[in-house]
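Peer 1: can't give you the sequence, but here's the structure:
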């Protein structure tokens with residue numbers, strides 16, 4: 001019923017939504033009901049959990065030495081994430097490492113607040129460090145909105161192939177630029193009583209600009225970065241895949257609130273291939289259109 005309700009809602013973009021954080025004006029360029037609606041947290045596989053909103057993918061990885069949180073949703077999502085983590089039986093204060101798949105306000109909005117409240121270390125792709133430090137105002141596309149999230153300084157800069165370690169968990173960061181200069185994915189293994197699962201949390205290379213790539217002087221390598229990312233993502237080996245947005249990996253078709261634990265529903269190589277090929281087609285069409293203008 002909840003899902004059908006959203007299918008009948010016409011989502012209206014709300015531009016220049018302003019909030020004040022510590023006397024600083026934050027302008028979230030756009031939000032939708034699906035980004036802010038709550039969603040029941042659940043166990044995905046092993047020690048990996050979904051703690052995000054209806055559409056903004058936020059993931060908790062638990063260990064014996066504290067936990068890792070990937071993405072934070074919008075600034076207003078902090079309380080939802082905290083409640084989701086505690087609903088699952090974990091302590092919000094046990095968050096030791098913060099990661100993000102991209103430096104856009106819908107995934108980094110609560111990073112600064114959660115970092116401050118938990119004392120967690122923030123580790124990011126080095127190419128997104130500047131955008132995080134300026135609260136999004138230096139982003140090649142969204143920067144004209146000004147500060148879209150509270151600025152936050154990373155504790156560690158990551159490069160392609162770097163490993164993030166906590167207790168017995170090891171996550172490999174994969175540099176997948178284009179959507180932002182430092183967009184990235186994470187590859188790691190979790191286990192339950194039955195088997196182990198190689199998990200990919202993918203930042204899908206969607207195109208966010210209507211400008212010609214060659215006109216983006218602040219990001220001169222954007223076209224080649226996208227091309228690199230498409231090639232790199234086609235060669236990743238995994239068992240389960242997730243993404244920055246629940247809609248991107250069709251989470252709501254695979255899992256309903258109250259469903260029993262079933263990692264197998266996220267085994268979907270075909271779905272990944274279709275999603276990636278569709279984005280590749282859109283990229284190819286844009287490159288062709290740009291060349292004709």
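Peer 2: The structure has been received and is ready for your questions. If you're wondering where the values come from, they're calculated on a predicted model, not measured in any experiment.
Peer 1: Low-confidence regions, the stretch 1-150 of the chain specifically.
Peer 2: 1-24 (pLDDT under 70).
Peer 1: Do a quick rundown of the strands in it.
Peer 2: 17-21, 24-28, 42-45, 48-50, 59-63, 66-70, 95-99, 121-125 (DSSP state E, counting those that start in this stretch).
Peer 1: For the closest residue to residue 41 other than its chain neighbours, give its distance to residue 178.
Peer 2: Among residues not flanking residue 41 along the chain, residue 84 sits closest, at 3.9 Å (CB to CB, 6 or more residues apart in numbering). Every residue, glycine included, has its C-beta placed from N, CA and C. As judged by CB to CB, to the nearest Å, residue 84 and residue 178 stand 30 Å apart.
Peer 1: got it, and residue 83?
Peer 2: Distance, residue 83 to residue 178, by CB to CB: 33 Å.
Peer 1: before we move on, what about residue 90?
Peer 2: Counting by CB to CB - residue 90 and residue 178 are separated by 34 Å.
Peer 1: Between the two, tell me which one has more neighbours.
Peer 2: Comparing residue 90 with residue 178 by other CB atoms under 10 Å, the one with more neighbours is residue 178, at 26 against 18.
Peer 1: how about the helices of the stretch 151-293 of the chain, start to end?
Peer 2: With DSSP state H, counting those that start in this stretch as the criterion, the stretch 151-293 of the chain has helices at 222-233, 251-254, 269-292.
Peer 1: mind checking which of those helices is nearest residue 198?
Peer 2: With CB to CB, the closest approach to residue 198 among the helices of the stretch 151-293 of the chain belongs to helix 269-292: 11.5 Å.
Peer 1: just to revisit the earlier point, let me have the strands of the stretch 1-150 of the chain in JSON lines, extended by distance to residue 252.
Peer 2: Shown next, in JSON lines, are the strands of the stretch 1-150 of the chain (distance: least, CB to CB, whole Å):
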{"stretch": "strand 17-21", "distance to residue 252": "25"}
{"stretch": "strand 24-28", "distance to residue 252": "23"}
{"stretch": "strand 42-45", "distance to residue 252": "12"}
{"stretch": "strand 48-50", "distance to residue 252": "11"}
{"stretch": "strand 59-63", "distance to residue 252": "16"}
{"stretch": "strand 66-70", "distance to residue 252": "19"}
{"stretch": "strand 95-99", "distance to residue 252": "24"}
{"stretch": "strand 121-125", "distance to residue 252": "28"}
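Peer 1: export the ones you listed to JSON lines and tack on distance to residue 110 and mean neighbour count?
Peer 2: Shown next, in JSON lines, are the strands of the stretch 1-150 of the chain (distance: least, CB to CB, whole Å; neighbours: other CB atoms under 10 Å):
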{"stretch": "strand 17-21", "distance to residue 110": "10", "mean neighbour count": "12"}
{"stretch": "strand 24-28", "distance to residue 110": "11", "mean neighbour count": "18"}
{"stretch": "strand 42-45", "distance to residue 110": "20", "mean neighbour count": "22"}
{"stretch": "strand 48-50", "distance to residue 110": "16", "mean neighbour count": "22"}
{"stretch": "strand 59-63", "distance to residue 110": "14", "mean neighbour count": "22"}
{"stretch": "strand 66-70", "distance to residue 110": "10", "mean neighbour count": "24"}
{"stretch": "strand 95-99", "distance to residue 110": "10", "mean neighbour count": "23"}
{"stretch": "strand 121-125", "distance to residue 110": "12", "mean neighbour count": "22"}
